[in-house]
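In: what would the 3D arrangement of this be:
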Amino acid sequence: MLLLRLLVWLGVALAGAWAIAVLAVFHGETVNAVWFIVAAAAVYALAYRFYGAFLAARLFALDRHRPTPAERLNDGRDFVPTNRWVVFGHHFAAIAGPGPLIGPTLAAQFGYLPGTLWILVGVVLGGAVQDFCILCGSLRRDGRSLGQMAKDEIGPLGGFAALLGVFLIMIILIAVLALVVVNALRQSPWGTFTVAATIPIAMVMGWYMRLVRTHAVARATALGLVLLALALVGGRWVDQHPVLAPLLTLSGPGLAWAIIVYGFAASTVPVWLLLAPRDYLSTFVKLGTVAALAIGIMVMRPEIHLPAVTRFVDGTGPIFAGKVFPFCFITIACGAISGFHSLIASGTTPKLLREETDAPMIGYGGMLLESFVAIMAMIAAAALQPGVYFAINSPAGVVGTDPAVATATISSWGFPIWPGEMDALAREIGERTLFARTGGAPSLAVGMASIFARTLGGTALALWYHFAIMFEALFILTTLDAGTRVGRFMLQDLLGQLWAPLGRTSWYPSVLLTSALVVGGWGWFLYQGVVDPLGGINILWPLFGISNQLLAAIALAVGTTIIVRSGRARYAWTTLVPLAWLLAVTMTAGWQKIFSSNPAIGFLAQAEKLAAGVAAGSVAAAKLGEVRIQIFNLRLDAVVCGVFMGLVALIVCEASRAWLRAGRRPAAATVPAAAEG
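Out: Next up is the predicted model:
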C-alpha cells in the first residue's frame, strides 16, 4: 500500500513537472490551456499533501482534541462551532475578491509565463503559508485579530503601527476595486442595469429572510438567483430602449459618484438588509462560475495565443509601466499572496472552527483554491488574440483615441489588429466599443464569454459577456461594501479613544460620521483614477499591489514572531523566506513608484511633467483644473506609498527586536499554557 501511494504521488509530480516544462520550455507555436490545469492541479495536490501537512504537524502541532475558541467561548453569535465545509465556504467567499481575477489579467502584458510561475510558486510558499499561520495563531489566541496579535506579540509601538497601516491600506484597496467596476461599466447600459439590479435584489432577499420567512436561506437564495437571471436578460432590453439606454450610459465620473453613494449606504444600512444577502448571492455565483469555467476550459481546450514572454518585460508596457521585476509580483497580488486574507484569517474564521485539525483545509487549502481562480483568469486572458487583449487594456493616453491610430500602434508592437475586428467583437458582445476599457475586467469578461459560448455551441456571446461582468462586479462590490463597513469599525475604535461615544457602533451619529470619512478617503483615490488620462489603473493598480503585499509583510512578521515566541524558532524560515521576498519586491516597487525619473512609473516624475506643461501653457484652459488635481493627487500617492513603506519598516524592526529578545530570554506566553499547547 505504501509503495502504491508513493507511485501515485510520483506520477502526480511527473505530470506536474511535464506540464510546467511544456509551458516554459517546449511550448512550440501554441500551447493548449489544459497544460495550465494539469500543472496547477499537480502543484496544489503536492503542496497540500506534503508542505501543508508539514506545517500542521511541525509548526503548530495541531490537535483535534484541544478545544478551539469556538468551543470554549461559544456565545451563539460570534463564537460558534461550525461544520468545516460551511466554514470553508464562508472563508473562501470572504477572501475571494477580484484580485485573483484582475491581477493575472493585467500581468498578462508580460506574457503568460512570468505570472503563471509566480501564481504557482507564490501560493505554495507564501500565500497559503501566511493564511494558515495567521489562522492557527489566532486559534491559539482566542480568535484575536491581526492588530491585536501584533500588539501582544511585537509590542505597543509595532501594534499601533500595524493597526494604522491596516486601516490606511484598506482605503487604497477599496478605491482600486471600485475603479475596476467603473472601467467595466463605463458607457455600458446593459452592464450598469444588471449590476445595479443586484442591489435591490439583495435587499429583497434580506427583507424576505427578516420579515417574511425568517432564516429561509434556501428559498431566499433561489429567489435571488431567479431575479439575477431576469436582470441579466432584462439588460438587453434596457440596452435597446430609446429612453432607458441613454439614462444608464454613464461616464466615468458619474459611475464613480454612484459607487461612492452606494458605499456610504452599504456602510450605514442594517447588515441583514444588504451585506448578508449579497454574500449569499456572491457565494453561489462565485463557486458556480469558477466550476463552470474550469469545465469549459477542460471541454474546449482553448489554445493560448499570447506569447510566453512579451517584449514588455523591459518595462515599456502600455497597461502599466515597469519591468517584470518587481511589477509582475505586485500586480498579481491575491492570486499568489494577499495581505487582505490575514484580516479574514484572524477575523471571523478562527471563531468558527470546531476542531484545530480543520485549519489546514481552510487556511492552506482555501488559498490554493483562490490561486486556481487566478490560473483560470490567466487562461481566459491569454486565450484572446494578443491584439484584442492590448486594444481593450491599453489606455487611450498611450495608444490614442482614434481606433485607426490605436490599432496601428498595437500592430506595430507585433500584435496585428484592425478597427473592423474590434467593431465586430463589440457588436457581438452588445457593447458600443471595447477600446481602452482598462482595468482588466472587460478583457477577462470577453475571454470568459468566449469559453462559455464555445462550450455551448458558440451562441449568446453578448449574454455570456454581461454575465461575466456581473460575476466580476459581484466579487468586487461584496469586498467593497464589507471593506467599507470594516473600515468604519476600525475608525470608530480609533476615534473612541478620543471620545467614547464615537466608539459605540450603535450610536448612529458616529456611524454616519465614520462612514463618511472612510468613503471620502477611498472616494478621493477613486476619482483620481477616473479622471486620469492613462485610465487610472496605470497609477493605482501598482499602488494597490504594493499596499496589499505590504499588508502581507505585516502578517508574515506577526506570524514569524508567533513562531519564535512559541519555542519553534527552527521553523521560522517558513515565514521568513516569503517575508524577505515580499520586502525585496515591495520596497523596490515602492521606491521606483516614488523616485523613478520615468514619468510613466514615478509619481513625482509624472507630477513634475504635468506641472511643467501647466507652466509652459501647453494645457488647455478647460483641462487646467483637472490637471492641477492630478498633480496634487500624484504627490499624495507618493506620500501615501512612503508612509506605507515606513510603517512596514517600523513593524519589521520592532518584530526583529522581539525575535532577538525571545532568542536571548524566551518571553512569557501571551496566552494560557493550556491554550498555547
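In: what separates the residue nearest the centre of the chain from Ala40, distance-wise?
Out: Geometric centre of the chain, nearest residue: Gly99, 2.3 Å, by Cα atoms, centre = their mean. For Gly99, the distance to Ala40 (Cβ to Cβ, to the nearest Å) stands at 17 Å. Using the backbone N, CA and C atoms, a C-beta is placed for each residue, glycine as well.
In: equivalent analysis for Val31, please.
Out: Here Val31 is placed at a distance of 14 Å from Ala40 (Cβ to Cβ).
In: just Ala333 next, same as before
Out: Distance of Ala333 to Ala40, computed by Cβ to Cβ: 18 Å.
In: Ala178 too?
Out: Using Cβ to Cβ, we find Ala178 at a distance of 30 Å from Ala40.
In: these two: who's more crowded?
Out: Set Ala178 next to Ala40 and count neighbours by other Cβ atoms under 10 Å: Ala178 wins out with 30 against 25.
In: ok, that one - contacts?
Out: Shown in contact with Ala178 (Cβ atoms under 8 Å, 6 or more residues apart in numbering): 256, 259-260, 263, 476, 480, 522, 526.
In: can you tell me the SS state at the closest residue to Leu55 other than its chain neighbours?
Out: What sits nearest to Leu55 in space, not counting adjacent residues and going by Cβ to Cβ, 6 or more residues apart in numbering, is Phe132, at 6.0 Å. Using DSSP: H, G, I helix; E, B strand; the rest coil, the structure places Phe132 in helix.
In: need the contact partners of the host helix or strand of Ala17.
Out: Taking DSSP states H and E as the definition, one finds Ala17 inside helix 2-24. Residues outside helix 2-24 that contact it (Cβ under 8 Å, 6+ apart) are 31, 35-36, 38-39, 41-43, 45-46, 49, 112-113, 116-117, 120, 308.
In: are any of those buried, and if so which?
Out: Buried by 16 or more other Cβ atoms under 10 Å: 31, 35-36, 38-39, 41-43, 45-46, 112-113, 116-117, 120, 308, out of the contacts of helix 2-24.
In: need the nearest residue in space to Thr455, chain neighbours excluded.
Out: For Thr455, ignoring the flanking residues on the chain, the nearest one in space by Cβ to Cβ, 6+ apart is Gly296 at 4.2 Å.
In: what helices or strands is the strand or helix carrying that neighbour leaning on?
Out: Using DSSP H and E, Gly296 sits within helix 275-300. On a contact count with 3 or more Cβ pairs under 8 Å, 6 or more residues apart in numbering; DSSP states H and E, helix 275-300 meets helix 34-46, helix 84-95, helix 189-207, helix 217-240, helix 365-382, helix 441-455, helix 461-495.
In: go again using 6 Å as the cut-off
Out: Here helix 275-300 touches helix 189-207, helix 365-382, helix 441-455, helix 461-495, going by 3 or more Cβ pairs under 6 Å, 6 or more residues apart in numbering; DSSP states H and E.
In: now do the same contact list for Ile330.
Out: 545-546, 549, 589 (Cβ atoms under 6 Å, 6 or more residues apart in numbering).
In: and the pLDDT for it?
Out: Per-residue pLDDT puts Ile330 at 91.
In: how is it assigned, secondary-structure-wise?
Out: helix.
In: next one: the one 3 residues further on
Out: Classification of Ala333 into helix, strand or coil gives coil, according to three-state DSSP.
In: ok, back up a step: min pLDDT across the contacts of Ala178, which one?
Out: Out of the contacts of Ala178, that is Ile476, at 75.
In: state the distance from that residue to Leu517.
Out: Per Cβ to Cβ, Ile476 is found 22 Å from Leu517.
In: pick out whichever of these two has more residues nearby.
Out: Ile476 (27 against 14).
In: contact partners for that one?
Out: Applying Cβ under 6 Å, 6+ apart, the residues near Ile476 are 98, 177, 180-181.
In: count the neighbours of the closest residue to it other than its chain neighbours for me.
Out: Spatial nearest neighbour of Ile476, excluding adjacent residues (Cβ to Cβ, 6+ apart): Pro98 at 4.5 Å. Burial of Pro98 is recorded as 28 neighbouring residues (other Cβ under 10 Å).
In: try the one 3 residues further on
Out: Taking other Cβ under 10 Å as the neighbour definition, Leu101 ends up with a count of 30.
In: check contacts around it.
Out: Contacts of Leu101 (Cβ under 6 Å, 6+ apart): 377, 444.
In: look up how far Phe471 lies from it.
Out: 9 Å.
In: read off the pLDDT value for Thr588.
Out: At Thr588, pLDDT is 96.
In: check whether it really touches Phe329, as I assumed.
Out: No. At 9.5 Å, Thr588 and Phe329 do not qualify as touching, with contact defined as Cβ atoms under 6 Å.
In: in the chain, which helix has the most residues?
Out: helix 624-664 (DSSP state H).
In: elements contacting it?
Out: Helix 624-664 sits against helix 156-185, helix 537-565, helix 573-595, helix 603-616, with contacts defined as 3+ Cβ pairs under 6 Å, 6+ apart.
In: quick one, which of the ones you listed is nearest to Thr455?
Out: With Cβ to Cβ, the closest approach to Thr455 among the helices and strands packed on helix 624-664 belongs to helix 156-185: 22.8 Å.
In: pull the distance from the closest one to the chain's centre.
Out: 11 Å (Cα atoms, centre = their mean, to the nearest Å).
In: so it versus helix 537-565, what angle?
Out: Inter-element angle recorded for helix 156-185 and helix 537-565: 150 degrees (by axes from the mean of the first three to the mean of the last three Cα atoms, to 10 degrees).
In: got the buried residues for helix 156-185?
Out: Applying 16+ other Cβ under 10 Å to helix 156-185 flags 158-185 as buried.
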